[in-house]
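Peer 1: Structure of the sequence below:
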Amino acid sequence: MKFILIFGPQAVGKMTVGQSLAKQTGMKLLHNHMTIDLLQPLFDFTPEMWRLTHHFREEIFKSFAKTGQKGLITTFVWAFNMKEDWAFVEKMCSIFNAEGADIYFVELEADLNERLRRNLTPNRLDHKPTKRNVQQSEAHLLGTMETMRLNSFENEIKTENYLRINNTNLSADETARRIIDEFKLLEE
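Peer 2: Next comes the predicted model:
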């Protein structure tokens, strides 16, 4: 089994790349808004909503890691300046490591103007109900740039299977193809 963690700032293309990667490889995709958008209508963006979101994801990972399926792709906005995000990434990886899965990290980065454009795409708005208030979504995207570091420093990620892609000028399919080629995901 393979576990692919796609991370980067908001509207960088994590879900869309994950959709293309899932289609091209036959792996399953659990993008981060699948749990957020389930819980936000009940709890708003409160600490309880985030606690449950992480709990749900952890339980999904535990169950999925035991299925013997080809692999799981998941997305995450990793705040590198927050210890709890590092701990959550470690927890995700430990769940799949315990089941002998191969783990891959894919970091996406894109220029701010491109991210602001992608924040408005129909695919994003179709799959992420909490992003449909585009003024609020854009304000959050810009606001987190002041308080969070959402891309890693050079050599900060120490895992063996790590790929960083600036996908500003790449389509989701092109980005997914780079991931497939780098990690030889179709050679089995």
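
Peer 1: Now do the phi/psi pair for residue 104.
Peer 2: The phi/psi pair for residue 104 (degrees, to the nearest 10) reads phi -130, psi 140.

Peer 1: What is the burial count for it?
Peer 2: Neighbour count of residue 104, defined by other CB atoms under 10 Å: 21. For the C-beta atoms, the positions are set from N, CA and C on the backbone; glycine is no exception.

Peer 1: Okay, and the beta partners of it?
Peer 2: Listed by DSSP bridges, the beta-bridge partners for residue 104 are residue 4.

Peer 1: Kindly report the same for the one 4 residues further on.
Peer 2: Beta-bridge partners of residue 108, counted by DSSP bridges, are residue 165.

Peer 1: My guess is it contacts residue 16. True?
Peer 2: No: under the criterion of CB atoms under 8 Å, residue 108 is not in contact with residue 16, lying 10.0 Å apart.

Peer 1: which helices and strands sit right next to the lengthiest helix in the chain?
Peer 2: Secondary structure of the chain per DSSP state H: the longest helix is helix 47-65. The contact analysis (3 or more CB pairs under 8 Å, 6 or more residues apart in numbering; DSSP states H and E) places helix 47-65 against strand 28-30, helix 33-43, strand 71-76, helix 83-98.

Peer 1: Thank you, goodbye.
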